[in-house]
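K.L.:
Any chance you can model this:
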Amino acid sequence: MDRAPEQERLDIISEAVARLLKQQEETNRRLARLEAAVLPPAAVEPKVERTAEPVPIPPPLSLSEEPPKPEPKKPALETKVGLTLINRIGVVTLVLGVAFFFKWAVDNDWIGPAGRVAIGIAAGSAALALADFLWRKGQQTFAQGVTGTGIAVLYLAMYAAFAFYHLIPQALAFLCMFAATGMAVALSLRYEAQAIAGLGFLGAYATPLLLSTGEDRPWFLFSYVLLLNVAALALAKRRGWRVLEIGSFLATVAIYGVWLQDKFAKPDKRFVATLFLLAFYALYWPSSWRLLLAAQPLAALAGTVIWDASPGGFFALELAIAVAAMAYARLRKDPFALTVAFASFWLSYAVWTSGPEPLSNFAGISLAFLIFFAGNVWSQLSSVQTLWLVVLNGLVYYGAAYSLLDAHHHNWLGLLAVAVAAIYLAFGIYLFRKPSAQQDLRRVLLSLGAALCFLTLAIPVQFTGFTITIAWSLEAAALAWIGARLRNIRALFGVLIVFAFVFVRLVVIDSWMFSNGISYANSKPYALLANARFLTFAIAALSLFLAAWWTRSLSRRIALFEYFGGHLVLLWGLSMEIIGWAERSTRPENLLSVETVAISILFAIYAAILVSVGVATRTAVNRIAGLGLIGLVILKLYLFDIWQLERVYRISAFVALGILLIATSFLYSKFRNSIEGWWKDEETAP
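P.N.:
Alright, predicted model coming up:
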């Protein structure tokens with residue numbers, strides 16, 4: 001049994017040694033053949049001939065495989081400057097020199113108009129012929145410069161024939177310059193020269209501007225530009241000449257922008273302006289170059305000019321462009337495109353001159369909010385940009401809606417905030433129930449946080465006074481219930497934030513609702529307990545108790561914080577009621593004593609109730625809270641009341657507190673065994 005592994009290792013070693021011996025023998029045979037080929041026959045020692053295996057001959061290259069081309073060497077800096085840069089500068093200089101010569105000849109009447117044009121055409125054609133000759137001789141870079149010179153001279157000659165000398169009509173000049181562009185593109189393909197193609201397209205885009213007579217023909221102009229764009233983008237994609245893509249885009253923006261500023265007249269040309277704007281946008285929409293997303297804000301801003309003060313056309317155009325950008329973002333998995341679409345729409349809306357009816361604008365931005373919300377979900381992107389767009393979408397929308405509706409429809413703004421909050425809440429719950437919720441928890445929490453923000457915002461917008469505090473309290477309790485149902489402890493932090501708002505309002509506003517027993521609202525005394533202030537404090541305390549009950553299974557610490565907060569708020573409200581009662585029913589010289597004794601008795605009664613509830617419900621937290629409150633009352637009695645109260649009130653305070661303390665002690669005496677048994681059960685519980 002133990003010999004099998006040992007035998008396998010010996011076999012492996014034997015095979016390895018045999019392979020090494022075979023390789024050594026083959027090496028010796030190859031060395032012998034090399035010596036026989038290099039050294040004279042006498043120098044080769046006679047050896048015993050052995051039959052050797054033929055050396056394998058590498059297979060010939062297949063017809064489909066091309067031999068590897070040597071990598072072109074990068075030109076040195078000196079060569080690059082002396083050949084390429086100087087060549088380009090020389091071309092520009094020569095063209096300017098020819099132009100100056102023509103101007104000189106015109107000023108001195110040396111040559112007639114037809115002769116000047118003929119010389120220009122001949123010179124341009126000769127330059128193109130010379131360039132082709134140089135290219136075939138191997139001087140490709142120099143030939144490109146000469147070609148550019150010839151094309152530029154041809155453009156100048158044909159432009160002069162039309163604009164300066166009026167020798168040919170506009171249509172013929174246009175065809176000649178367009179033919180020059182086609183020749184430039186063909187030569188750029190022949191010479192593999194991006195610069196020549198760029199020069200040709202530059203002349204093509206400049207042609208309608210150079211040959212313009214001031215007459216507005218948008219259908220012909222934009223059709224011509226669109227045709228040039230298609231050709232430039234096709235050539236850029238085929239040859240990888242990105243400059244043509246950029247140049248055509250910039251030329252289109254310039255031509256369309258100039259026309260929109262100078263020739264656009266409302267409303268008869270809205271259709272042609274919108275049609276070609278969408279055509280140009282669609283042409284550059286699939287571009288792989290990110291900077292061409294500049295088409296998004298430019299198209300959006302153009303829409304503000306075309307559909308000025310026309311809500312229907314404006315929103316239809318802007319939202320169509322936005323939806324196209326969302327589709328781009330989904331196809332390319334590009335969150336930046338989604339951000340650009342969002343920013344472009346709201347930028348255009350900000351600069352747009354709105355119509356006289358705000359409700360139509362409100363309908364438009366509401367549709368935009370829903371489209372961007374759905375587009376963010378549909379894009380299936382979860383980057384930081386898209387996460388913040390979820391929140392910014394609602395914030396920007398509500399701000400815009402507020403500015404539209406505040407003047408005449410303010411009463412609906414609170415309901416609008418609740419509706420927006422409901423959308424975010426439903427979206428958050430939907431995300432949470434998806435199987436991938438734990439993988440994308442940020443979107444869930446962000447949606448729920450946005451719902452919390454809008455719900456909290458709706459309350460002060462819709463309500464006034466103490467009703468804001470009541471609504472916030474009920475909202476926090478409802479959020480605690482939702483967080484408990486979702487079983488997500490992070491959602492409870494939103495509950496604490498809302499309760500913090502409640503506490504601030506109780507301190508800063510609601511606690512000052514009455515003063516000296518008089519209501520600020522109507523300057524009349526208010527009833528004990530049956531008033532708006534105590535109702536506010538009571539509902540806030542009840543909301544804290546409910547929140548503690550619902551969240552106790554998720555976080556004991558948060559539940560205790562909410563529970564003790566409820567007792568604090570309730571005691572606070574009761575104390576103010578006692579003080580108000582004393583102010584309304586006591587003479588000024590006895591006010592301090594009555595208030596002090598009443599508060600001490602209130603705290604003692606409250607502590608006794610807590611202890612009784614703790615004994616009845618077997619809850620240690622209530623018993624401990626009651627004992628702690630009793631300790632606070634005792635400290636107050638011996639450190640403050642005994643020195644400040646008059647004799648009658650001091651006796652009353654001590655007697656009342658003594659009775660309550662004895663009653664509390666009786667409870668512990670009667671239920672001692674039960675209480676100790678409860679503690680033992682809690683200590684031994686798993």
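K.L.:
for residue 543, what are its contacts?
P.N.:
473, 474, 476, 477, 499, 502, 566 (Cβ atoms under 8 Å, 6 or more residues apart in numbering). C-beta here means a position set from N, CA and C on the backbone, and glycine is covered the same way.
K.L.:
Could you give the number of residues near the fourth one?
P.N.:
Burial of residue 477 is recorded as 25 neighbouring residues (other Cβ atoms under 10 Å).
K.L.:
next one: the second one
P.N.:
Here the number of neighbours of residue 474 (other Cβ under 10 Å) works out to 18.
K.L.:
By mean pLDDT, point me to the weakest helix or strand of this structure.
P.N.:
helix 77-79 (a mean of 42; mean pLDDT, DSSP states H and E).
K.L.:
State the phi and psi torsions of residue 618.
P.N.:
For residue 618, the backbone dihedrals (degrees, to the nearest 10) come out as phi 60, psi 40.
K.L.:
From residue 400, how far off is it?
P.N.:
56 Å (Cβ to Cβ, to the nearest Å).
K.L.:
quick one: which of these two has more around it?
P.N.:
Higher neighbour count among residue 618 and residue 400: residue 400, with 20 against 15, using other Cβ under 10 Å.
K.L.:
For the more buried one, give me its contacts.
P.N.:
346, 349, 365.
K.L.:
Residue 562 now?
P.N.:
Contacts of residue 562 by Cβ under 8 Å, 6+ apart are 480, 495, 499, 544, 545, 547, 548, 551.
K.L.:
Ramachandran coordinates for residue 263?
P.N.:
Residue torsions, per degrees, to the nearest 10, at residue 263 are phi -110, psi -10.
K.L.:
quick one, what contacts it?
P.N.:
216, 218, 269.
K.L.:
pLDDT score for the nearest residue to the last one once chain neighbours are set aside?
P.N.:
Read that as residue 269. Nearest residue to residue 269 in three dimensions, chain neighbours excluded: residue 218, at 6.5 Å (Cβ to Cβ, 6 or more residues apart in numbering). Model confidence at residue 218, expressed as pLDDT, equals 85.
K.L.:
who touches residue 218 in this structure?
P.N.:
Residue 218 touches 259, 263, 269, 272, 273, 276, counting by Cβ under 8 Å, 6+ apart.
K.L.:
Distance of the third one relative to residue 217?
P.N.:
Residue 269 sits at a distance of 11 Å from residue 217 (criterion: Cβ to Cβ).
K.L.:
So for these two, which sits in the more crowded spot?
P.N.:
Taking other Cβ under 10 Å, residue 269 and residue 217 do not tie; residue 269 has more neighbours (17 against 13).
K.L.:
which residues of the stretch 301-450 of the chain fall in helices?
P.N.:
Applying DSSP state H, counting those that start in this stretch to the stretch 301-450 of the chain gives helices spanning 311-332, 335-351, 358-378, 384-405, 413-433, 441-462.
K.L.:
Including mean pLDDT and distance to residue 136, could those go into JSON lines?
P.N.:
JSON lines is the format used below for these (pLDDT from 0 to 100; distance: least, Cβ to Cβ, whole Å):
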{"stretch": "helix 311-332", "mean pLDDT": "87", "distance to residue 136": "44"}
{"stretch": "helix 335-351", "mean pLDDT": "88", "distance to residue 136": "47"}
{"stretch": "helix 358-378", "mean pLDDT": "87", "distance to residue 136": "56"}
{"stretch": "helix 384-405", "mean pLDDT": "83", "distance to residue 136": "54"}
{"stretch": "helix 413-433", "mean pLDDT": "84", "distance to residue 136": "67"}
{"stretch": "helix 441-462", "mean pLDDT": "78", "distance to residue 136": "64"}
